[in-house]
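Visitor: Below is the sequence, then the predicted model.
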Amino acid sequence: VRVEQDETGATAHFRSADADTALPPVRARVVVGCDGIHSVIRKQLHPTEGEPRYSGINMWRGVTRGRPFLSGASMVRAGWLERGKLVAYPIRQFADGTGDQLLNWVAEIKTPRHQQRDWNRRGHLEDFIGAFEDWHLDSLDVSAMMRASETVLEYPMVDQDPLDRWSFGRVTLLGDAAHPMVPRGSNGAGQAILDVRAL
């Protein structure tokens, strides 16, 4: 929830996930705030900065158990943001002899409205499925794959302007807390890896 520092170290303060209980503080030589797009450490270091900026693109994600498509190791990127864009790829082969895979998919559509980014917000098929209703790519029935997901999550694609600095004494930022970017081609993950090397 906040960090304090002096010449010899820094102290991070926490509360329980339900926000009702203060947890014991933790003292260290440094504190690295890698607490994401809604970083409380970033807000403490840059208190006048505004909220993340919406790009105009909303995305929905899901995973589905299904049959392999194309080579069984292929990634598909198809469509365009105004009418619906799809990214889909396998992330796991099931070892039960069925030949099924766990398929990851992302639907992206230019959307004027959005809600604050939240990694746990449930999405609703009716908000985007119409754009993909007739999509059939080789052996991949796109709308059937999307409908078969147990859970759909929704995220607005957001970023923020660069900061003049991430480090203040013994406190620094890393990853999306330091430089959030729209999630294209694993931008955030790639940049966080570079951050760790520099750190």
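Guide: Received the coordinates, thanks.

Visitor: Next up, phi/psi of Ala131, please.
Guide: phi -70, psi -20 (degrees, to the nearest 10).

Visitor: Against Tyr89, how distant is it?
Guide: Counting by C-beta to C-beta, to the nearest Å, the separation of Ala131 from Tyr89 is 19 Å. All C-beta spots, glycine's among them, are computed from the backbone N, C-alpha and C.

Visitor: who touches the top helix by length along the chain?
Guide: Assignment by DSSP state H gives helix 187-198 as the longest helix of the chain. With contact meaning C-beta atoms under 8 Å, 6 or more residues apart in numbering, helix 187-198 is reached by 34, 174-176, 178-181.

Visitor: and Phe168, what is it in contact with?
Guide: Phe168 is in contact with 5, 45, counting by C-beta under 8 Å, 6+ apart.

Visitor: Go again with 10 Å.
Guide: 3, 5, 10, 41, 44-46 (C-beta atoms under 10 Å, 6 or more residues apart in numbering).

Visitor: Can you say which of these are buried?
Guide: For these, a burial check counting by 16 or more other C-beta atoms under 10 Å picks out 3, 5, 10, 41, 45-46.

Visitor: Can you list which of those are found in helices?
Guide: Those of the buried ones among the contacts of Phe168 lying in helices (DSSP H): 41, 45.

Visitor: Please identify which of the buried ones among the contacts of Phe168 is nearest to Met75.
Guide: Nearest to Met75 among these: Ile41, at 34.4 Å, using C-beta to C-beta.

Visitor: now that closest one, nearest residue through space, not along the chain?
Guide: Gly33 (2.9 Å; C-beta to C-beta, 6 or more residues apart in numbering).

Visitor: where's that neighbour relative to Ala10, distance?
Guide: Going from Gly33 to Ala10 by C-beta to C-beta gives 10 Å.

Visitor: ok, now Pro47?
Guide: From Pro47 to Ala10 the distance is 18 Å (C-beta to C-beta).

Visitor: Ok, Tyr54 next?
Guide: Distance, Tyr54 to Ala10, by C-beta to C-beta: 33 Å.

Visitor: Over to Ile37. Which of the three states is it?
Guide: coil (DSSP: H, G, I helix; E, B strand; the rest coil).

Visitor: pretty sure it is touching Tyr54, no?
Guide: No: the pair Ile37 / Tyr54 is not scored as a contact, 11.8 Å apart, by C-beta atoms under 10 Å.

Visitor: List just the nearest of the contacts of helix 187-198 to Trp105.
Guide: For the contacts of helix 187-198, the nearest to Trp105 is Met181 (21.3 Å; C-beta to C-beta).

Visitor: Per-residue pLDDT of Asp118, please?
Guide: Predicted confidence (pLDDT) for Asp118: 63.

Visitor: please begin residue numbering at 239 from this point
Guide: Sure, I'll start numbering at 239, so the last one becomes Asp356.

Visitor: Flag every buried residue along stretch 394-403.
Guide: By 16+ other C-beta under 10 Å, the buried positions in stretch 394-403 come out as 394-398.

Visitor: for that stretch, the distance to its chain's centre please.
Guide: 14 Å (C-alpha atoms, centre = their mean, to the nearest Å).
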